[in-house]
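[1] I'll drop the sequence and a predicted model, then ask my questions.
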Amino acid sequence: MKKKIAILGSTGSIGTQTLEVISDHDDKFRVELLSANKNYELLIQQAKKYKPKAIIFGDITHKKILNENLKSESIDIFFGDDALNNFNQFCNPDLVVTALVGKSGLIPTINAIENNIDVALANKETLVVAGDIIMKLSEKNNVKIYPVDSEHSAIFQCLTGEDYNTIEKIILTASGGPFRNKKINEFKNITKKEALNHPNWEMGDKITIDSSTLMNKGLEVIEAKFLFNIDIDMIEVVIHPQSIIHSMVEFIDGSIKAQMGEPDMKLPIQYALGFPRRLENNYDRFNFFKNNKLTFEKPCLDTFQNLKLAFDAGKSGGNSPCILNASNEIVVEAFLQEKISYLDMTKIIKESLNKISYIASPNLEQLIETDLKTREYTSNKIKNK
């Protein structure tokens, strides 16, 4: 029987690559639901090709276009955030891939877990904002969360069959982004075009900017804390420019396990979809003789201050990671719109962390309120610059 897959965010980078994996293994998977926020043209193409039970689109003003283009298909069409948050009402998937951008993945993920649907998590912000709530809920409902980030997938693979009590350290690798050799005094005039020029990975704009500031790695540190239930002090970040080792685990006996491979997001996606089986593919293989140099560097926290902010927020816990994430989402969007400079992003995030009230053990309602307050505060700071 084919595994039924719902993809939230099907027109983005992770979503489209997930569909490629499904196409490569159409004897094992079928698409149950697709969702998109803006790209209705691509969603229509995907719906016609994969023929899901339902689709969800963010903007109801495109209702006529979608209905007309899909009138010959037996596909239910729904619109808006409420439909997205309650996607499980329109389909019956075995696994949902949450490939949404930012905190928009939070409520759909919670609903999936509450309805006993396993989650392939490509939305790290969900755990950054509410990791403690999510992991406790998944344990209560016996729901599996399979990481799709290449780094967390690597750790997950290294820990399969291992006792988590034997972990001494988790080592997250980072490419270093396009500015790893720059000093902070060179950041003043960085342009949007330069920041979007990632050396190894093809990703959406938001995550590419986060990668350039190392905020993406900081969010991954917080995500790893919750996914693998370890202390922040047991997580180390290492710059590995070649992006061949995707992450490592060091154990209490000094042994280190690493997961390696060409930088291709379809690998962790396929692993999450097929778990516990490994599936064959014809993707590029790593050649040790052609690529015979792997290097490692220590990140400079004085230069990449966003990484330090994330470590500090992870240690503080409570609603601090929520503040960090919300402010970062707003400043990155402002930078992409060229409203603020590259250095302004870090400055405004710092101010948000200092301004928004700290809550040690927030519930979901308090986290949602924290998110709203932080976005409002950050937006005002940008307007007043």
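    Arrived safely.
[2] For the rest of this, base every contact and every neighbour count on C-alpha atoms.
    Will do.
[3] mean confidence for stretch 45-63?
    Across stretch 45-63, the average pLDDT comes to 95.
[4] Mind listing residues that contact it?
    30-38, 40, 70, 73-81, 83-84, 87, 90-91 (Cα atoms under 8 Å, 6 or more residues apart in numbering).
[5] Can you list which of those residues are found in helices?
    40, 80, 81, 83, 84 (DSSP state H).
[6] What is the burial count for the first one?
    Residues lying near residue 40 (other Cα atoms under 10 Å) number 19.
[7] and it, what is it in contact with?
    Here residue 40 is in contact with 57, 62, 66 (Cα under 8 Å, 6+ apart).
[8] Now intersect these with the strands, please.
    residue 57 (DSSP state E).
[9] any idea which of the contacts of residue 40 is closest to residue 347?
    residue 57 (35.0 Å; Cα to Cα).
[10] Distance check, residue 110 against residue 96.
    11 Å (Cα to Cα, to the nearest Å).
[11] which one of these two has more residues nearby?
    Higher neighbour count among residue 110 and residue 96: residue 96, with 28 against 22, using other Cα under 10 Å.
[12] Kindly give a single ChimeraX line that selects the buried subset of the contacts of stretch 45-63.
    Selection of buried members from the contacts of stretch 45-63 for ChimeraX, criterion 16 or more other Cα atoms under 10 Å:
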select :30,31,32,33,34,35,36,37,40,70,75,76,77,78,79,81,83,84,87,90,91
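[13] Pretty sure residue 345 sits in a helix.
    Yes - applying DSSP: H, G, I helix; E, B strand; the rest coil, one finds residue 345 inside a helix.
[14] any idea how far residue 352 is from it?
    For residue 345 relative to residue 352 (Cα to Cα), the value is 11 Å.
[15] Check residue 100 too.
    24 Å.
[16] Which one's more surrounded, the two?
    Per other Cα under 10 Å, whichever of residue 100 and residue 352 has more neighbours is residue 100, with 27 against 23.
[17] all helices of the stretch 51-200 of the chain, in order?
    63-69, 80-85, 106-114, 124-140, 150-159, 192-195 (DSSP state H, counting those that start in this stretch).
[18] Now tell me what touches the second one from outside.
    Yep, that's helix 80-85 we're talking about. 8, 35, 56, 57, 58, 59, 60, 107, 108, 111.
[19] And for this structure, the residue most distant from the center?
    Computed with Cα atoms, centre = their mean, the residue of the chain farthest from its C-alpha average is residue 72, at 34.8 Å.
[20] And that one, its phi and psi?
    phi -90, psi 0 (degrees, to the nearest 10).
[21] low-scoring stretches of this structure, by residue?
    199-203 (pLDDT under 70).
[22] Quick check: longest helix in it by residues?
    From DSSP H, the single longest helix across the chain is helix 364-383.
[23] and the angle from it to helix 124-140?
    Counting by axes from the mean of the first three to the mean of the last three Cα atoms, to 10 degrees, helix 364-383 lies at 180 degrees to helix 124-140.
[24] Quick one: distance of helix 364-383 to the chain centre.
    Centroid separation for helix 364-383 versus its chain: 20 Å, with Cα atoms, centre = their mean, to the nearest Å.
[25] and what of stretch 345-364?
    Mean-position distance between stretch 345-364 and its chain equals 21 Å (Cα atoms, centre = their mean).
[26] Dump that stretch to PDB, keeping only the CA atoms.
    Taking C-alpha atoms only, stretch 345-364 is exported to PDB below (Å, rounded to 0.1, in the frame of the first residue of the first chain):
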ATOM      1  CA  MET A 345      19.100  43.000  11.200                       C
ATOM      2  CA  THR A 346      21.200  41.900  14.100                       C
ATOM      3  CA  LYS A 347      20.900  45.200  15.900                       C
ATOM      4  CA  ILE A 348      17.100  45.100  15.800                       C
ATOM      5  CA  ILE A 349      16.900  41.500  16.900                       C
ATOM      6  CA  LYS A 350      19.100  42.400  19.900                       C
ATOM      7  CA  GLU A 351      16.800  45.200  20.800                       C
ATOM      8  CA  SER A 352      13.700  43.000  20.500                       C
ATOM      9  CA  LEU A 353      15.200  40.400  22.800                       C
ATOM     10  CA  ASN A 354      15.900  43.100  25.400                       C
ATOM     11  CA  LYS A 355      12.500  44.800  25.100                       C
ATOM     12  CA  ILE A 356       9.900  42.000  25.000                       C
ATOM     13  CA  SER A 357       9.100  40.600  28.400                       C
ATOM     14  CA  TYR A 358      10.600  37.200  29.300                       C
ATOM     15  CA  ILE A 359       8.300  34.300  30.300                       C
ATOM     16  CA  ALA A 360      10.100  31.300  31.700                       C
ATOM     17  CA  SER A 361       7.400  28.600  31.000                       C
ATOM     18  CA  PRO A 362       5.000  30.000  28.400                       C
ATOM     19  CA  ASN A 363       1.900  28.100  27.200                       C
ATOM     20  CA  LEU A 364       0.900  28.200  23.500                       C
END
